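J.: what follows is a predicted structure for the sequence shown.
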Amino acid sequence: AQTVTQSQPEMSVQEAETVTLSCTYDTSESDYYLFWYKQPPSRQMILVIRQEAYKQQNATENRFSVNFQKAAKSFSLKISDSQLGDAAMYFCAYRSPFLSGTYKYIFGTGTRLKVLA
Amino acid sequence: DGGITQSPKYLFRKEGQNVTLSCEQNLNHDAMYWYRQDPGQGLRLIYYSQIVNDFQKGDIAEGYSVSREKKESFPLTVTSAQKNPTAFYLCASTPVGGGYTFGSGTRLTVV
């Protein structure tokens, strides 16, 4: 069965510094997607970045980038030039291939990021 | 603007009462999902629907029911059989091959 593990329940970063959030996953599939979602205090889930497993190039969205290591099944999120608005809960998620009529999403337990002024 | 609307934002339920959480989307997405979020846990899938008039149980479907009579709507009923319903509930939708768009959630509390 697929699993997603976020081993850091909480992280802190100084404003303007860089922080990396870890995520590992387990799957026997070769074609899948990985996502990072942000959940601020408003509790609205916001898509931060996504990575297709068949792409070797790491995805980047402005200050957010990933380090995707397919063989190691690792998918970390790097936030550069951290801002106070980045403070939130971050969830790593795995999406399976389209099988048996559906995609299956598995979420990690989340990492709470605190940004210190 | 397109999006997902969940209502109400806060809901209180008495013991033994059924309550229904609304989820409406105008994104023309085929698939819709209901998740439950508890403190310290990730999102757990309750039910999902890939097309109108069809839905499937997720990992924690007991005590919940859904319907999908229209593409835009996927209401979730929390029945009296759900023994621990206090949680934050998130609805999401996806186009084929896309990532989730989430609603803003409903906080359900048993009083």
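T.: That came through fine. Residues are numbered from 1 along each chain as shown, chains lettered A, B, ... in the order given.

J.: list the contacts for B:Arg68?
T.: Counting by CB atoms under 8 Å, 6 or more residues apart in numbering or on different chains, B:Arg68 touches B:Met32, B:Ser49, B:Ile51, B:Val52, B:Asn53, B:Asp54, B:Phe55, B:Phe74. Where you see a C-beta, it was placed from the backbone N, CA and C, and this is true even at glycine.

J.: got these as TSV, with secondary structure, neighbour count and distance to chain A columns?
T.: Below are these laid out as TSV (DSSP: H, G, I helix; E, B strand; the rest coil; neighbours: other CB atoms under 10 Å in any protein chain shown; distance: CB to the nearest CB, whole Å):
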residue	secondary structure	neighbour count	distance to chain A
B:Met32	strand	28	12
B:Ser49	strand	21	10
B:Ile51	coil	12	9
B:Val52	coil	15	14
B:Asn53	coil	10	14
B:Asp54	coil	10	9
B:Phe55	coil	20	11
B:Phe74	coil	28	14
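
J.: biggest separation within those, which pair?
T.: B:Met32 and B:Asn53 (12.6 Å; CB to CB).

J.: distance check, the residue nearest the centre of chain A against chain B.
T.: Nearest to the geometric centre of chain A sits A:Trp36, at 3.1 Å (CA atoms, centre = their mean). A:Trp36 sits 10 Å away from chain B, going by CB to the nearest CB, to the nearest Å.

J.: wait, is that residue part of a helix?
T.: No: secondary structure of A:Trp36 (DSSP: H, G, I helix; E, B strand; the rest coil): strand, not part of a helix.

J.: is the nearest residue to it once chain neighbours are set aside in a helix, a strand, or coil?
T.: Sequence neighbours aside, A:Val48 is the residue nearest to A:Trp36 in space, at 4.3 Å (criterion: CB to CB, 6 or more residues apart in numbering or on different chains). Three-state call for A:Val48 (three-state DSSP): strand.

J.: ok so, going back, so the residue nearest to the centre of chain A touches A:Ala88, yeah?
T.: No: applying CB atoms under 8 Å as the test, A:Trp36 and A:Ala88 come out as separate, 10.8 Å apart.

J.: in JSON lines: the contacts of B:Arg68, plus pLDDT.
T.: Putting the contacts of B:Arg68 into JSON lines (pLDDT from 0 to 100) gives the following:
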{"residue": "B:Met32", "pLDDT": "94"}
{"residue": "B:Ser49", "pLDDT": "93"}
{"residue": "B:Ile51", "pLDDT": "90"}
{"residue": "B:Val52", "pLDDT": "94"}
{"residue": "B:Asn53", "pLDDT": "95"}
{"residue": "B:Asp54", "pLDDT": "93"}
{"residue": "B:Phe55", "pLDDT": "94"}
{"residue": "B:Phe74", "pLDDT": "98"}
